[in-house]
Each structure stands twice: as C-alpha cells, then as structure tokens.
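K.L.:
Got a predicted structure plus its sequence, pasted below:
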Amino acid sequence: MRIAMLAHLLNFQPGFRQAGVSRYIEHLLAALPAAAPEDEIVVFAGRETSERADALDPALRWSVSRLPTTRPEIRILWEQLAAPPRLARERIDLVHAPVNVAPLLAARSTVVTVHDLAFLRYPEQYPGAKQRYLRWMTRRTVEHAARVIAVSEHTRRDILSSYHVAPERVVVVPNGVGPEFRPAGDSDETQALRAAHGLPPEFVLFVGTLQPRKNLIGLLRAWARVESDAPLVIVGAPGWQYQPIFDEVRALGIGERVIFTGYAGDLAPWYRAATVFVYPSLYEGFGLPVIEAMACGTPVVTSNLSALPEVAGDAALTVDPEDRDALAGAIARLLGDAELRASLRERGLARAGHFSWERTARETAAVYHAAAGVRQAALAH
C-alpha cells in the first residue's frame, strides 16, 4: 500500500513551531518504516523540511513542493488545491493528515489525527480566521475520514461529543516518548546546564509554549505562595497572548524567583536537572511533557483536567490547576519530601515505559490497514 503523509507542518527550525505536532510527525515518520515494512510511505513536505530528510529513515520517499508552504495560507492552498492531483499522480492509496485537516477533494481513504479540540474549547485564544477555518475544516475532515486517530481517550470523547462520527471509526493511539528521555547518567551534563544558566542545585521546571491554556499565570500566582529558595524555571517559546505572563511576574514581585529561558531544542537535560516538574495546564489532548519528565526520572505535579490524569496515571501528584493553594501546596510538598520524590520517580519511570514511538507507529499502521479495508469494502459494493 502506498501511504501519503502530509508533513508540511514538520519543522526543524528552533522555535515553538518545532514543538507539539511537528515532533509528532517527526517521530512517527522515523518509526513507521519499521512498523509497516510492506507499505511505502511518501512524505509530502516543503523544500525547507526536505533538506533535513536524512535525519529520518532512508526508506521514506519524499515528494517536495516548490511552494513556500511554511506560510499558513500557502500551505492551506496546497492542501486543498494542489494536493488532490498530486496524490493521484503518485498513485496514493491512503492519505494520513497528521493534524486535524485533510484535502477535501482527495479521492482516497483518509486517516486524520486529532491532537485536541482547543479551538472549540478556547476559541478566544485563536485569531478569528484561523478559528473559523479549524472549526469548519476539522468537522468536514473528521466526519468524512475512514478512521480518526485520537491521541488520548479524553480526546476521543471530545471528538465523539463534538462531531457526527461513528464510535468505531475513532481509535486511540497515544503519543510516545523518545529514547533520549532517560534518567541522568552524566552529572557533567547537569553541571554544565546549571553553570550555563546560573541555576542552583534545586529548581522547579515548567516546559511548554507560553500561551493562556498552559495556565502559566495560575502557576505564577501559586509560585508566589511557595516559600522556597529554589527558582521556577520556565522553558518555552512565546506563543499566543504571552505578554500578560511577563506582566504577572512584575505584578507579583517575583522576578528574582522566576527564570525564563526561551525555546530549548534539547529538553532532556532540563528534565534531568530539575528537582520537580510542574505542568498545570487547563487543557491538553495528551500532555507530552508530563511523560517526558517521568521518563527522565523527575517527579511531576500536574493538572487533574482533560487528558493529563489519564496520561499521568498514579505516577504524579494531580491537583485542580485553578486552585492556587492546592497547586502551591503540591509543589511545596514535593520540594520538601525527598521520600515522596523518590517514590514518584520510580512510579514515573514505570509509567513512561508504557509509551514509545515504536508503539505509536505500530498502532498507527494498524489504523491504516483498517481504513484501507473500509475503502475496499466500499468499492466492492
């Protein structure tokens, strides 16, 4: 079977666009050839992305657009107008749209991955045109796809409650965690990170794009209530509506206790060096930083909302992220209790062992073949 991966959102340039869905596409492409050796994976991407093709599996075949598809409006035009005839010329059997939207006129079986429905839950955080586009196109894609991949059971429930789609067509395939996320084995690496950023032996870490639904303002207000000499280190690039986060630091008078590092391409050393990882997001379709921190052996405090308790299991302290006292109390408790940190470290390592990109690729390949079977049955009738 010849499978098209629409990978124009794959991005190797440092910044927030390399996070999230780009990492999903990258890791899935790296693992798919081994998971589906009988299939041919054709990667549709822009010329900037294809220049780094050698970083992935050489078994992948690339179909490169000459258009500047890093620009959202050009990418959308490519998907809806240029992609259908291109897919036909390449004799594609099945299309995987890895982020919500597929070409509507592609006469092929389609699999779409839905990571979350944040644009429905928090519409005010999206520019009007983007929000309207996602609402309309995601609905059209999901309701016409042969199979829909949800990255968590929570996201699956969101999809079923928001769209007219048969439950058997929505399949949960969780994200994975890469082998680079592992416990500290090199103290020199940790010491070098601390020296480079002026960090003390203990610090609390947050990783994520700076945007409202990550609840950074709530975290800062909780942090102002924690009595500790350890700083709060925030690793992430600015996203939507980030300026109020910096304003809140000044308003609370905690500038000396908070360190913003900006974007970091290699997150594993940060997780390994941290004493506690905190992720009090209001809404996540999966919550990859939680499982990455666990894989590095770092104890976690996270939210009890959306997919986060599903991903964390019993291996983290979960709290209401809008209860500042509860969040502050959980952070302070972990900082002050070495025995609890050790217990969560062991539980976290065991929990992270259930997630791998190889598993994600195997289960995704199974979805491809189920979707192809749907199309074959339709053609037979």
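P.N.:
Yep, that arrived.
K.L.:
Which strands or helices does the lowest-mean-pLDDT helix or strand in the chain pack on?
P.N.:
Least confident element among the helices and strands of the chain, by mean pLDDT, DSSP states H and E: helix 47-50 (a mean of 72). Applying 3 or more Cβ pairs under 8 Å, 6 or more residues apart in numbering; DSSP states H and E, we find helix 47-50 packed against strand 61-65. (Each C-beta comes from the backbone N, C-alpha and C, glycine too.)
K.L.:
how about the helix or strand that comes right after the strand it packs on: buried residues?
P.N.:
Next helix or strand after strand 61-65 toward the C-terminus (DSSP states H and E): helix 72-77. For helix 72-77, burial by neighbour count (16 or more other Cβ atoms under 10 Å) applies to I74, R75.
K.L.:
C-terminal to helix 72-77, what's the next element?
P.N.:
helix 83-89.
K.L.:
Let me know the average pLDDT across that following helix.
P.N.:
Helix 83-89 comes out with an average pLDDT of 93.
K.L.:
repeat for stretch 345-356
P.N.:
pLDDT averaged over stretch 345-356 gives 97.
K.L.:
Could you pull out the buried residues of the lengthiest helix in the chain?
P.N.:
Counting residues, the longest helix found in the chain (DSSP state H) is helix 357-380. Along helix 357-380, these residues count as buried under the neighbour rule (16+ other Cβ under 10 Å): 357, 359-365, 367-368, 370-372.
K.L.:
so which of those residues comes closest to I234?
P.N.:
W357 (26.4 Å; Cβ to Cβ).
K.L.:
Is the nearest residue to D229 once chain neighbours are set aside part of a helix or strand, or is it coil?
P.N.:
Nearest non-adjacent residue to D229, counting by Cβ to Cβ, 6 or more residues apart in numbering: P200, 7.2 Å away. With DSSP: H, G, I helix; E, B strand; the rest coil as the basis, P200 sits in coil.
K.L.:
what sits up against the least confident helix or strand of the chain?
P.N.:
A7, H8, L10, N11, F12, Q13, V43, W62, V64, S65, R66, T70 (Cβ atoms under 8 Å, 6 or more residues apart in numbering).
K.L.:
of those, the lowest pLDDT goes to which?
P.N.:
Confidence-wise, Q13 trails the rest of the contacts of helix 47-50, at 67.
K.L.:
is V207 in a bridge, and if so with what?
P.N.:
V235 (DSSP bridges).
K.L.:
my read: it touches V235, true?
P.N.:
Yes: counting by Cβ atoms under 8 Å, V235 is a contact partner of V207 at 4.8 Å.
K.L.:
quick one: low-confidence parts of the stretch 51-200 of the chain?
P.N.:
51-54, 107, 185-186 (pLDDT under 70).
K.L.:
mind running it again at 50?
P.N.:
Applying pLDDT under 50 to the stretch 51-200 of the chain flags no residue at all.
K.L.:
pLDDT value on A377, please?
P.N.:
Value listed for A377 in the pLDDT field: 51.
K.L.:
what does H381 give?
P.N.:
Value for H381, per-residue pLDDT: 45.
K.L.:
go on, V235?
P.N.:
95.
K.L.:
and G262, how many neighbours?
P.N.:
12 (other Cβ atoms under 10 Å).
K.L.:
before we move on, what SS does F260 have?
P.N.:
strand.
K.L.:
Pull the contacting residues for the nearest residue to it once chain neighbours are set aside.
P.N.:
Excluding its sequence neighbours, the residue lying closest to F260 (Cβ to Cβ, 6+ apart) is I234, at 5.1 Å. Counting by Cβ under 8 Å, 6+ apart, I234 makes contact with F206, L210, L216, V258, I259, F260, T261.
K.L.:
Can you go through these and name the buried ones?
P.N.:
Using 16+ other Cβ under 10 Å, the buried ones in these are F206, L210, L216, V258, I259, T261.
K.L.:
mind putting these in JSON lines, distance to A316 included?
P.N.:
Shown next, in JSON lines, are the buried ones among the contacts of I234 (distance: Cβ to Cβ, whole Å):
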{"residue": "F206", "distance to A316": "14"}
{"residue": "L210", "distance to A316": "22"}
{"residue": "L216", "distance to A316": "19"}
{"residue": "V258", "distance to A316": "22"}
{"residue": "I259", "distance to A316": "23"}
{"residue": "T261", "distance to A316": "23"}
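K.L.:
any chance of these in CSV, plus pLDDT and distance to T302?
P.N.:
As requested, those are exported to CSV (pLDDT from 0 to 100; distance: Cβ to Cβ, whole Å):
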residue, pLDDT, distance to T302
F206, 98, 11
L210, 89, 18
L216, 96, 14
V258, 96, 19
I259, 95, 21
T261, 91, 20
